[in-house]
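> with the sequence up front, the predicted model follows.
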Amino acid sequence: MESDRLLPTILLALANHLYCNRHEPQAAHTALLVLLLQPPVLVLSLGRRSLVDFALVNLVFFATLALSITAYRLSPWHPLANIPGPYMAKITKLWAVKVGMSGYRHHVLKQLHERYGDCVRIGPNEISVINVDSVKSVLGPRGFQKGQFYNIFSDPNLGTTNLLGLRGDAHANRRRIWNRGMSTESMKGFEVILAKRVAFLLTRLDEFAKSGQKVDIAAWFTYLTSDFMGDMAFGGGFEMMRDAGDKDGVYAANKLGVKLSTIIAQVPWLWPTINLVPTVQRFRVFARQRTKARMAAGPKSHRDLWYHLMDEDGYEKVKPTLAEVVSDSALTIVAGSDTSSMALSSFVWCMISNPDIYARAQAEVDVAYPDLDSIITHSKKHGELKFLTACLQEVLRLFPPVPSAGPRRVPAGDPQLIAGRFFVPEHTQVCVPAWAIHRSEKNFYPSPEGFDPDRWLRPSTEAETLNQAAFMPFSLGAANCAAKNLAWRELLMTASAILKQYDMSFAEPEAEQWVHTIKDFYLTDADELNIKISLR
Ligand code: HEM
């Protein structure tokens, strides 16, 4: 290729690299279009017309761009050059997309930390940290704002963003309403709603116990938590326990959205493009339909979350808009169904896999609750369930339902010292993976990978480590789980009821390996967990 085309093509590619380095693209389709258009425009402006010219200019343009980006990302001038990590991760986000799509991101991050230490570079502009001091500075009271990944929680159709996607003052204002909605007083109303659903679960599970058929308990916990969240968010909407499945495909659409978020987490500028896919819209259509139904139904006898999010008590000077409430109610279903159901499934798996511990937890429930009714009518005795609580803590430690979450972002103009030795520039994405933190022997020792509920109950000794500050299944700081207390009640009530009512065993050898099928798609997903249950 002659220099009259070669030089301008190379310069154009380098200029593109320089521009994108300063201004990260926000939407894949526009960025791609702009890139694809440039080489042909250049060829035409140079007065050329032949196909060979078009092909060569394209080749040189994209090869130069790729080489320039790769060289810079691996060079000692890159601001994250001194942070160790895999080469492919440093060069391209495609590495993270591949890892994310495999569903084993949680395992990969843990292995990387074992190999490289507390701070690992996991993307051209992204790091992962697991030492507790850094975790505090990222998530603590003066922590970082959420990274670009969380932009997916804005709904272009409603023109608003749900709580999970908000930052700064906007987040604090909305969170105040959530916190009021999750007060001890509100919890009483929610418990009535929860108790009805748990009681119904038991009537459905009794059918399996009586027939002796195996039951996919993971699916039934999903039905329970989805039905419950539907009640909370929109005063109803899901009847998955009644239908023994996802009749309308709404849950599946939601699940697809969450899975896609794994890819988007790595390349957030793909979101506006993926957002155009009709299946992704299905869940939003459901939310709009339920909103109409909820508004037509009026107040419920027991106040649901909708009541509080709408500020029907009139505490706020400026009332939340309907769009904000709809998007937060939809968030309730996303955030509150798979998280709790995976925790409950992991709990059942841990019980059956550890018969001695199972027997102790069951005995404790039998002492606290003389009959099943007392379990589902009130939660006053939850404080007495010390061993069961320790079992659930251990479940949440080993199998956190949000294993690596989305990254936070180093504030503009304020580089940070991370892991005590690395200066990290503004806008760097920082991931804080609970799965790896919970399984580090620096935080939980001995046997950080073992199921040992007693570690939460034994008096502390020098030979053991139980780092409470490193326990973060509900995340930490201002944007931690808004429904942590409700989730605990749900876990304790359901776990107590299951222990009280049934004896459980694995229905097939594959079930013994079930935890190895847990995948990390921001929330977790796993195979069927088939068990046999019999009435006690
Ligand atoms: C065992 C059950 C649960 C676990 C382990 C859990 C865990 C978490 C985690 C780790 C986060 C932070 C996510 C992030 O930073 O990306 C979060 C946020 C959130 N969770 Fe939960 N969650 C559970 C149940 C629930 C339930 C039942 C609800 C709904 C009623 C809920 C509502 C929320 C909301 C609204 C947020 C966003 C908070 C904010 O950004 O201020 N969660 N949860």
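Yep, that arrived. Numbering: from 1, shown residues only.

> what does the stretch 251-400 of the chain put close to the ligand?
For the stretch 251-400 of the chain, the residues in contact with the ligand (CB under 6 Å from any ligand atom) are 331-332, 335-336, 339-340, 343. Any C-beta I mention is one placed from the backbone N, CA and C, and that applies to glycine too.

> in helices, which of those residues appear?
331-332, 335-336, 339-340, 343 (DSSP state H).

> export the residues of the stretch 251-400 of the chain next to the ligand to a markdown table and tack on neighbour count?
Output for those, formatted as a markdown table (neighbours: other CB atoms under 10 Å):
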| residue | neighbour count |
| --- | --- |
| Leu331 | 23 |
| Thr332 | 25 |
| Ala335 | 22 |
| Gly336 | 24 |
| Thr339 | 24 |
| Ser340 | 25 |
| Ala343 | 24 |
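
> out of those residues, who's nearest Val120?
Thr339 (25.8 Å; CB to CB).

> check contacts around the closest residue to the closest one other than its chain neighbours.
Once flanking residues are discounted, Thr339 sits nearest to Pro401: 4.1 Å by CB to CB, 6 or more residues apart in numbering. By CB atoms under 8 Å, 6 or more residues apart in numbering, the contact set of Pro401 is 338-340, 342-343, 473, 523-524.

> for Pro401, grab phi and psi.
For Pro401, the backbone dihedrals (degrees, to the nearest 10) come out as phi -70, psi -20.

> quick one, grab the pLDDT at it.
Predicted confidence (pLDDT) for Pro401: 97.

> ok, the one 3 residues further on next?
In the predicted model, Ser404 carries a pLDDT score of 93.

> is it true that it touches Val108?
No. In this structure, Ser404 is not within contact of Val108 by CB atoms under 8 Å, at 9.4 Å.

> chain center to the strand or helix carrying Ile122, what's the gap?
Using DSSP states H and E, Ile122 maps to strand 119-123. Averaging C-alpha positions (CA atoms, centre = their mean, to the nearest Å) puts strand 119-123 19 Å from its chain's average.

> quick one: mean pLDDT for that strand?
On average, strand 119-123 scores 96.

> what's next to the helix or strand just after that strand, contact-wise?
Next helix or strand after strand 119-123 toward the C-terminus (DSSP H and E): strand 126-129. With contacts defined as CB under 8 Å, 6+ apart, strand 126-129 is touched by 80, 83, 85, 96, 109, 112-113, 118-122, 135, 138, 404, 407, 418-419, 422, 424, 428-433, 436.

> Gly117: how many residues sit nearby?
When neighbours are counted by other CB atoms under 10 Å, Gly117 registers 15.

> contacts only, for the closest residue to it other than its chain neighbours.
Ranked by CB to CB, 6+ apart and with sequence neighbours excluded, the top spatial neighbour of Gly117 is Pro84, at 6.9 Å. Counting by CB under 8 Å, 6+ apart, Pro84 touches 116-117, 119-121.

> ok, back up a step: how about the ones in helices among the residues of the stretch 251-400 of the chain next to the ligand, which pair is most distant?
Leu331 and Ala343 (18.3 Å).

> how close does the residue nearest to Asp452 when sequence neighbours are not counted get to Thr524?
Closest residue in space to Asp452, ignoring its immediate chain neighbours: Glu394 at 6.6 Å, by CB to CB, 6+ apart. Counting by CB to CB, to the nearest Å, the separation of Glu394 from Thr524 is 16 Å.

> same check on Phe238?
For Phe238 relative to Thr524 (CB to CB), the value is 20 Å.

> and for Tyr315?
For Tyr315 relative to Thr524 (CB to CB), the value is 35 Å.

> please identify which of those two sits among more neighbours.
Ranked by neighbour count (other CB under 10 Å), Tyr315 and Thr524 place Thr524 first, with 24 against 11.

> is whichever strand or helix holds the more buried one in proximity to the ligand?
Thr524 is located in strand 523-525, with elements delineated by DSSP H and E. No. Against the ligand, strand 523-525 shows no contacts by CB under 6 Å from any ligand atom, the least distance being 8.9 Å.

> how about residues contacting that strand?
103, 255, 258-259, 334, 338-339, 342, 399, 401-403, 518-519.

> same question, stretch 48-64
1, 5-6, 9-10, 12-14, 38-40, 42-43, 46.

> using PDB, write down the CA coordinates of it.
This file holds the C-alpha atoms of stretch 48-64, laid out as PDB (Å, rounded to 0.1, in the frame of the first residue of the first chain):
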ATOM      1  CA  ARG A  48      -9.900   6.200  -4.600                       C
ATOM      2  CA  ARG A  49     -12.700   3.900  -5.700                       C
ATOM      3  CA  SER A  50     -11.300   0.400  -6.100                       C
ATOM      4  CA  LEU A  51     -12.400  -2.500  -3.900                       C
ATOM      5  CA  VAL A  52      -8.700  -3.300  -3.200                       C
ATOM      6  CA  ASP A  53      -8.300   0.200  -1.700                       C
ATOM      7  CA  PHE A  54     -11.400  -0.200   0.500                       C
ATOM      8  CA  ALA A  55     -10.200  -3.700   1.700                       C
ATOM      9  CA  LEU A  56      -6.600  -2.500   2.400                       C
ATOM     10  CA  VAL A  57      -7.500   0.700   4.200                       C
ATOM     11  CA  ASN A  58     -10.000  -1.300   6.400                       C
ATOM     12  CA  LEU A  59      -7.300  -3.900   7.100                       C
ATOM     13  CA  VAL A  60      -4.600  -1.300   8.000                       C
ATOM     14  CA  PHE A  61      -7.100   0.800  10.000                       C
ATOM     15  CA  PHE A  62      -8.300  -2.000  12.300                       C
ATOM     16  CA  ALA A  63      -4.900  -3.700  12.600                       C
ATOM     17  CA  THR A  64      -3.300  -0.400  13.700                       C
END
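
> nearest residue to the residue in the stretch 301-450 of the chain that the ligand sits nearest to other than its sequence neighbours?
Going by CB to the nearest ligand atom, the ligand is nearest to Gly336 of the stretch 301-450 of the chain, at 3.0 Å. Leaving aside its sequence neighbours, Gly336 sits nearest to Met229 (CB to CB, 6+ apart; 4.4 Å).

> show me the residues around that neighbour that make contact.
238, 332-333, 336-337 are the contacts of Met229 under CB under 8 Å, 6+ apart.

> returning to that earlier point: what about the contacts of strand 523-525, which one has the most neighbours?
Asp338 (27 neighbours).

> quick one: pLDDT of it?
Looking at Asp338, its pLDDT stands at 92.

> and for Pro299?
68.

> and for Leu94?
88.

> ok, it to the ligand distance?
Between Leu94 and the ligand the computed distance is 23 Å (CB to the nearest ligand atom, to the nearest Å).

> same check on Leu492?
11 Å.

> and after the helix or strand where that residue lies, which helix or strand comes next?
Per DSSP H and E, Leu492 falls inside helix 484-501. Later in the chain than helix 484-501, the nearest helix or strand by DSSP H and E is strand 502-506.

> by contact count, what packs against that following strand?
Helices and strands touching strand 502-506, by 3 or more CB pairs under 8 Å, 6 or more residues apart in numbering; DSSP states H and E, are helix 322-353, strand 530-535.

> burial count for the residue of the stretch 151-300 of the chain found nearest the ligand?
Residue nearest to the ligand within the stretch 151-300 of the chain (CB to the nearest ligand atom): Leu164, separated by 4.3 Å. By the measure other CB under 10 Å, the count of residues near Leu164 is 19.
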